[in-house]
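>>> fold the following, please.
(one chain, ligands or ions: 2)
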Amino acid sequence: MKTIAVVLAGPRGRMGQEALRLIERTPNLQLVGAVDRVNGGKRIADIAGLPALDAPVYEDLAQCLQEVQADVLLDLTTPEIGKKHVHIAMQHGVRSVIGTTGFTEAELQDLTHTAKERGIGTIIAPNFAVGAVLMMKFAQMAAKYFQDVEVIELHHDQKLDAPSGTAMKTVDLIRTARTPKQQGHPNETETWTGARGANVDGIHVHSVRLPGLVAHQEVLFGGDGQMLTIRHDSFNRASFMSGVKLAIETVMQLDTLVYGLENIMD
Ligand SMILES: NC(=O)c1ccc[n+]([C@@H]2O[C@H](COP(=O)([O-])OP(=O)(O)OC[C@H]3O[C@@H](n4cnc5c(N)ncnc54)[C@H](O)[C@@H]3O)[C@@H](O)[C@H]2O)c1
Ligand SMILES: O=C(O)C1=N[C@H](C(=O)O)CCC1
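Ligands and ions are numbered 1, 2, ... in the order given. Okay, here's the model as predicted:
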């Protein structure tokens, strides 16, 4: 298999460090550059705590893509930066795998259009964990039979965006299968604002942020005298890495944007 030249944005982050270890142990992946908020001019190997990978560090993605020959940008930064990076990669004709979350429906539509227009393969994956993808697919299946559903997503307390990308994708999939319904009592009120969570087509979404958590989600379906709970837990960030590898390898075959790993899993 041809070696894939990867630029990683966010190498010192929790996901970034895990991705560096993935690249280090994967023979067909080569780190050709990294983009960090600081440390421009250094090599990855020079940064304390990071693997001994000899790749240059930049503080600006555009400069990095001008100076190194990259096949794929892997972005694991922040919602604000990830959105900028995917546009810069497209401008440079470089494919992207975006793990960073926080994209709105309108932003995804806009990027889908640009990727198609320019013929640049792009994967935006709100969750790389295979089990989480299955949880979302199972929820989509169940939504055909249960109209009443609430989503509870639980993440660590350093997460910047809410709801999680996974919860947004889950609602997206459920909406393809569920007959629209405003749930709960038609006259229900909130004594405390936000008590019922976000409401998308009547589906309520609740975001929990606590130290000690990594990434977890429950999808609760209620019916007459019964409840179905579909739950997934990521206990560490290694859980995301097989999905990251799959996305990097698959994006090399794409010339459009794919949103969600379920679209590339066999
Ligand atoms: N898709 C998935 O499966 C998945 C899994 C976990 C996390 N995430 C998402 O990935 C992103 C990163 O998560 P994390 O837990 O590693 O966060 P983190 O805060 O640990 O890491 C983010 C890193 O981005 C860096 N950064 C900030 N601005 C930057 C810039 N201008 N240029 C380069 N780097 C910059 C920060 O310095 C930090 O090291 C988040 O959006 C999170 O929601 C997605
Ligand atoms: O740690 C995070 O942040 C995560 N975000 C993803 C999301 O927003 O769905 C899921 C995995 C962890």
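>>> OK, contacts around residue 217?
Contact partners of residue 217, counting by Cβ atoms under 8 Å, 6 or more residues apart in numbering, are 132, 135, 151-154, 164, 166-167, 170, 231-232. Bear in mind the C-beta positions are built from the backbone N, C-alpha and C, glycine included.
>>> let's go with 10 Å and repeat that
127, 132, 135-136, 139, 151-155, 163-164, 166-167, 170, 208, 230-234 (Cβ atoms under 10 Å, 6 or more residues apart in numbering).
>>> type out the PyMOL command that picks the buried ones from those.
A single PyMOL command selects the buried members of these (16 or more other Cβ atoms under 10 Å):
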select buried, resi 127+132+135+136+139+151+152+153+154+155+163+164+166+167+170+230+232+233+234
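>>> among the contacts of residue 217, which are in reach of ligand 2?
When contact is defined as Cβ under 6 Å from any ligand atom, the contacts of residue 217 meet ligand 2 at 127, 155, 164, 166.
>>> reformat these as JSON lines; add distance to residue 185 and secondary structure.
Below are the ones next to ligand 2 among the contacts of residue 217 laid out as JSON lines (distance: Cβ to Cβ, whole Å; DSSP: H, G, I helix; E, B strand; the rest coil):
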{"residue": "127", "distance to residue 185": "32", "secondary structure": "coil"}
{"residue": "155", "distance to residue 185": "29", "secondary structure": "strand"}
{"residue": "164", "distance to residue 185": "27", "secondary structure": "coil"}
{"residue": "166", "distance to residue 185": "28", "secondary structure": "helix"}
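>>> against ligand 1, how distant is residue 10?
Remark: distance between residue 10 and ligand 1 (Cβ to the nearest ligand atom, to the nearest Å) = 3 Å.
>>> that residue touches residue 19, doesn't it?
Yes - using Cβ atoms under 10 Å, residue 10 is in contact with residue 19, at 8.3 Å.
>>> picking up where we left off before, what's the most distant pair in the ones next to ligand 2 among the contacts of residue 217?
Within the ones next to ligand 2 among the contacts of residue 217, 127 and 155 form the most distant pair, 11.1 Å apart (Cβ to Cβ).
>>> shared neighbours, the two?
Listed as contacting both residue 127 and residue 155 by Cβ under 10 Å, 6+ apart are 101, 164, 166-167, 215, 217, 234.
>>> who's in contact with residue 247?
Residue 247 sits next to 72, 74, 96-99, 123-125, 128, 240, 254, 258, 261, 264 when contact means Cβ under 10 Å, 6+ apart.
>>> backbone dihedrals for the closest residue to ligand 2 within the stretch 1-150 of the chain, please?
For the stretch 1-150 of the chain and ligand 2, the shortest gap (Cβ to the nearest ligand atom) falls at residue 101, measuring 3.6 Å. Main-chain dihedrals, residue 101, degrees, to the nearest 10: phi -110, psi -180.
>>> how many neighbours does the closest residue to it other than its chain neighbours have?
Using Cβ to Cβ, 6 or more residues apart in numbering and skipping the chain neighbours, the partner closest in space to residue 101 is residue 165 (3.2 Å). Neighbourhood size, residue 165 [other Cβ atoms under 10 Å]: 23.
>>> just want the phi and psi numbers for residue 165.
Torsion angles, degrees, to the nearest 10, at residue 165: phi -60, psi -40.
>>> could you check how far it is from residue 180?
Distance of residue 165 to residue 180, computed by Cβ to Cβ, to the nearest Å: 23 Å.
>>> on that earlier part again, wait, the residue nearest to residue 101 touches residue 127, no?
Yes - judged on Cβ under 10 Å, residue 165 makes contact with residue 127 at a distance of 6.8 Å.
>>> name the residues contacting each of the two.
Common contact partners of residue 165 and residue 127 (Cβ under 10 Å, 6+ apart): 99, 101, 215, 260.
>>> what segments of this structure are helices?
14-25, 61-67, 79-91, 105-118, 130-142, 165-177, 241-251 (DSSP state H).
>>> just checking, what packs against the second one?
Looking back up the chat, that one is helix 61-67. Contacts defined by 3 or more Cβ pairs under 10 Å, 6 or more residues apart in numbering; DSSP states H and E place helix 61-67 against strand 4-9, strand 29-35, strand 57-58, strand 72-75, helix 79-91.
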